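Enquirer: Fold the following and give me the result.
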Amino acid sequence: MQVRDVMTKEVKWVEVPGTRAEALELLRKLGASAVPVVKQGTDELVGMVTLRKLFEHPDEEQLAMLVDRDVPTVAPDDPLEEAAKRLLTSHTRRLPVLKDGKLVGIITVRDIVYRAIATMNIEKPASDYMRPHVIAVWDGTPLKAAIEIMALSGFRVLPVIDENGNLVGMIGDADIVKISDIETESKMSQMAGRTEGDSWTWDSENRIYITKRKLKIPDKLVRDVMTKELITISRRTTVSRCAELMKQHKIEQTPVISAEGALLGIVRDVDLLQALIT
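Expert: Got it, this is the predicted structure:
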């Protein structure tokens, strides 16, 4: 199979010059963690903008200053295995697809798992690729803290445990973005000051109102937002069956559960890419 066989051809993007607000609106609408950025009026790729970058630089309004420009890409004729390798080595979830320097599509981990691995009858156990060291979050954790835990751990989705250590749900950054509001904030900046005796300069002072839009995270707990309907697998579940479950339920990872119901590890969709190249 080639990249063109599974890539998404209808790509949503933002353009430069543009604003932070435009990128935030699109990310929120798509429920995505990153989108491509192109030059205005063309299909020429500039780079990618990520939700994490917007969180890290809340005062930057110019989109051009928030773009990650050094991003790996693939071509439509590249083998699917090559795309899988680049996704794994670059630790990213999506690759722009370029033809003659123009953006013609995007291929994601989800595209490969849903459209390829789920149909390939790979009989290896998915647990061969699970991550045994699991980072979980308590269901009483505030959402703002949960976002920071995701950033520090490098995981977009985390299992949720209760006070007794039982697995009770999953929480992802997309879940948090969906219930967050985009807030408009204005503040006045005095560009030139005056002394107490300079009352005559009052009318000539330079002031500017700065307006910015940011994502306002509600004061809720993880348990208020988490997905409570758990989709789990056992040690014997095959790679393709695991991919089918991810596709069916539109999820990115599945907990691996023992016969007694204990959490053994996590299989992420990106982990299944290893089955294509090993």
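Enquirer: Just the buried positions in the helix or strand containing Asp175, please.
Expert: With the criterion set as DSSP states H and E, the secondary-structure element containing Asp175 is helix 173-178. Of the residues in helix 173-178, Asp173, Ala174, Asp175, Ile176, Val177 count as buried by neighbour count, 16 or more other C-beta atoms under 10 Å. (Each C-beta comes from the backbone N, C-alpha and C, glycine too.)
Enquirer: for stretch 266-278, same thing?
Expert: Ile266, Val267, Arg268, Asp269, Val270, Asp271, Leu272, Leu273, Ala275, Leu276.
Enquirer: Next: stretch 115-123.
Expert: Arg115, Ala116, Ile117, Ala118, Ile122.
Enquirer: average pLDDT for it?
Expert: Across stretch 115-123, the average pLDDT comes to 95.
Enquirer: which residues are contacting it?
Expert: When contacts are taken as C-beta atoms under 8 Å, 6 or more residues apart in numbering, the neighbours of stretch 115-123 outside the stretch itself are 1, 5-6, 80, 238-240, 243-244, 246-247, 272-273, 275-276.
Enquirer: Return the distance of that stretch from the chain's centre.
Expert: Centroid separation for stretch 115-123 versus its chain: 24 Å, with C-alpha atoms, centre = their mean, to the nearest Å.
Enquirer: for stretch 242-259, same thing?
Expert: For stretch 242-259, the distance to the chain centre is 18 Å (C-alpha atoms, centre = their mean).
Enquirer: Thr238 and Lys124 touch, don't they?
Expert: Yes - contact criterion C-beta atoms under 8 Å: Thr238 and Lys124 qualify, at 6.7 Å.
Enquirer: the more surrounded of these two?
Expert: When neighbours are counted by other C-beta atoms under 10 Å, Thr238 comes out ahead of the other of Thr238 and Lys124, with 18 against 15.
Enquirer: contacting residues for the more buried one?
Expert: Counted by C-beta under 8 Å, 6+ apart, Thr238 has contacts Ile122, Glu123, Lys124, Pro125, Ala126.
Enquirer: quick revisit: can you say which two of the buried residues of stretch 115-123 are spatially most distant?
Expert: Arg115 and Ile122 (13.9 Å; C-beta to C-beta).
Enquirer: Spit out the contact partners of Glu22.
Expert: Val14, Leu63.
Enquirer: Just the ones in helices from the contacts of stretch 115-123, please.
Expert: Secondary structure from DSSP state H places Asp5, Val6, Leu80, Val239, Ser240, Ala243, Glu244, Met246, Lys247, Ala275, Leu276 of the contacts of stretch 115-123 in helices.
Enquirer: From the residues you listed, pick the one nearest Asp162.
Expert: For those, the minimum distance to Asp162 (C-beta to C-beta) is 24.7 Å, reached by Met246.
Enquirer: Verify the stated contact: that closest one with Val239.
Expert: No - here Met246 lies out of contact with Val239, judged by C-beta under 8 Å, at a distance of 10.7 Å.
Enquirer: in this structure, which spans are strands?
Expert: For the chain, the strands identified by DSSP state E occupy 14-16, 34-39, 45-50, 94-99, 102-108, 137-138, 157-161, 167-172, 181-190, 207-216, 253-257, 263-268, in order along the chain.
Enquirer: can I get those in JSON lines with mean pLDDT?
Expert: Compiled in JSON lines, the strands of the chain are given as follows (pLDDT from 0 to 100):
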{"stretch": "strand 14-16", "mean pLDDT": "93"}
{"stretch": "strand 34-39", "mean pLDDT": "93"}
{"stretch": "strand 45-50", "mean pLDDT": "94"}
{"stretch": "strand 94-99", "mean pLDDT": "95"}
{"stretch": "strand 102-108", "mean pLDDT": "94"}
{"stretch": "strand 137-138", "mean pLDDT": "94"}
{"stretch": "strand 157-161", "mean pLDDT": "90"}
{"stretch": "strand 167-172", "mean pLDDT": "90"}
{"stretch": "strand 181-190", "mean pLDDT": "56"}
{"stretch": "strand 207-216", "mean pLDDT": "54"}
{"stretch": "strand 253-257", "mean pLDDT": "91"}
{"stretch": "strand 263-268", "mean pLDDT": "90"}
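Enquirer: what residues are up against the residue positioned nearest the centre of the chain?
Expert: Against the mean C-alpha coordinate of the chain, by C-alpha atoms, centre = their mean, the closest residue is Ser33 at 2.6 Å. Each residue near Ser33 by C-beta under 8 Å, 6+ apart is listed here: Leu27, Thr50, Leu51, Arg52, Arg93, Arg156, Asp173, Ala174.
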